[in-house]
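**Student:** sequence first, then the predicted structure:
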Amino acid sequence: MSDVHRVTAKRVGKYWELDIEGVGVTQARKLSQAEKTVRDYVHRDFDVAPDSFGITWSYDLGPDYESEMKAAKDAMRFAAEAQIAAAQRTRTVVARLTDDGLSGYEVAMVLGVSPQRVSQLLGRRGRRTRIAG
């Protein structure tokens, strides 16, 4: 038995079928009960403490949802990457504007953010630069 169990949760009628790879199958009425159900199952079958192993989850909601879920996850990943890029670009322009003599208040006004956000974007550099207008 490994320290991490892979579980595939599949909706079957009103229940979630929980297929514990290499161990067995059990079920839970609600997905919120699934972890406890899996831990109890493994505990009973292998006489190990319920908190002595990890669980990795995958979900099988059928082909009707597969492409939609992939598209949603891709969009979330794209949005997170875009947010990181936007923050980096904003940090760069904030630094350039303050280097050119704009106050933190002026930078905030130009970019449409709060002076506190300007301070956050400047980080340690902002501690040396006066942010107040």
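**Tutor:** Nice, thanks for sending it over.
**Student:** got the buried residues for stretch 7-23?
**Tutor:** 7, 9-10, 16-20, 23 (16 or more other C-beta atoms under 10 Å). C-beta: built from backbone N, CA, C; applies to glycine.
**Student:** with stretch 94-105 instead?
**Tutor:** By neighbour count on 16+ other C-beta under 10 Å, the buried set for stretch 94-105 is 94-95, 97-98, 102-104.
**Student:** now the terminal residues of stretch 50-67, how far apart.
**Tutor:** 35 Å (C-alpha to C-alpha, to the nearest Å).
**Student:** who's in contact with that stretch?
**Tutor:** By C-beta atoms under 8 Å, 6 or more residues apart in numbering, the residues outside stretch 50-67 that reach it are 1-11, 34-35, 38-40, 42-43, 69.
**Student:** could you give me the buried positions within it?
**Tutor:** The neighbour-count check on stretch 50-67 (16+ other C-beta under 10 Å) flags Phe53 as buried.
**Student:** can you name the farthest residue from the center of this structure?
**Tutor:** Gly101 (38.1 Å; C-alpha atoms, centre = their mean).
**Student:** let me know the secondary structure of that one.
**Tutor:** Secondary structure for Gly101, judged by DSSP: H, G, I helix; E, B strand; the rest coil, is coil.
**Student:** phi and psi next, for it.
**Tutor:** Per-residue torsions, Gly101: phi 100, psi 0 (degrees, to the nearest 10).
**Student:** picking up where we left off before, which ones among the buried residues of stretch 7-23 map onto helices?
**Tutor:** Judged by DSSP state H, helices contain none of the buried residues of stretch 7-23.
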